[in-house]
Structure formats: structure tokens, C-alpha cells
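K.L.:
Task: produce atomic coordinates for the following.
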Amino acid sequence: MADLRNFAKWDPGVLTVTQVAGDGAGLGSSFDVAVKSVGGGTVLRYETLEYDEPGNLLVEARNSKFTSIDRITVVAKDEGSIITYAAELLLNGCLSPLNPLLGLVFNRIGDRAAAGLRRVLA
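P.N.:
Residues are numbered from 1 along each chain as shown. A predicted model of the protein is given here:
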């Protein structure tokens, strides 16, 4: 989960992921994540802010249009794991008044990503 290059395997909204700093997961790692958006695609550069293996990851991305903050936690349970993925996507600048509308769209995107993650991990 901490190696963002895997995002494209389960999130249908992710087009490509390229690691631009670091080697795999960990503090100091950065990834350019190209995602589908209105009018084509956009690239978000995610930087790893927290990484406590195996169960905690905090990444943040900013570009001129968006800020994305994602926290992933993994907790062992019985013979499996409980994964919590909390993500916040915000519009920047003069577009920020549209954040409530973005939230509605982002929830649908998140539902599709969660279904993809369940499929890949099953």
C-alpha cells in the first residue's frame, strides 16, 4: 500500500504512476500520479510525509488546481488485515468555493477505488 506505484492496479481513476524520488515506499519518496479529471487528466506529485511500516502512511499532493491528503492505515486482524484509506481532495484558489460539489464527485470516485482495492486484495 505504501508504494504508490501500485495505485494504478486497483484505482480506475489513476492513469499512471511514476516514482520521482526515493526507492519504493518510505520517507522521502515522491510519486507523480496522473489521474483522470474533467477535460482529460492531471498530475499530482505525492510526497510521503509519514511512513511507519507496516501500518501507517500519510502522503500529500499539490498542484495549481488540487490538494490531496491521503492517510492509509493497515491493522492485522485474525488471518487478514483491516485497511483504512482516508482521502481528502480540495480545490485550490478561486475554485475552492466549489469544494462541496467536488466532495460529491470524489465520493463516487472513492467508491470505485475501494471496490478495485477489495478486488485486488481478495
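K.L.:
On the pLDDT front, check the residue nearest to the spatial centre of the chain for me.
P.N.:
By C-alpha atoms, centre = their mean, the mean C-alpha position of the chain lies nearest to D70, the distance being 5.5 Å. At D70, the model reports a pLDDT of 91.
K.L.:
What lies in contact with the helix or strand where it lies?
P.N.:
Secondary structure assigned from DSSP states H and E places D70 in strand 66-77. For strand 66-77, the external contacting residues (C-beta atoms under 8 Å, 6 or more residues apart in numbering) are 1-2, 42, 44, 46, 54-62, 81-92. Placement of C-beta: from N, CA and C, glycine included.
K.L.:
which of those count as buried?
P.N.:
The neighbour count (16 or more other C-beta atoms under 10 Å) marks 1-2, 42, 44, 46, 55, 57-61, 85, 89-91 as buried among the contacts of strand 66-77.
K.L.:
if we can go back for a sec, is the residue nearest to the centre of the chain in a bridge, and if so with what?
P.N.:
Here D70 sits in beta bridges with V59, A87, as judged by DSSP bridges.
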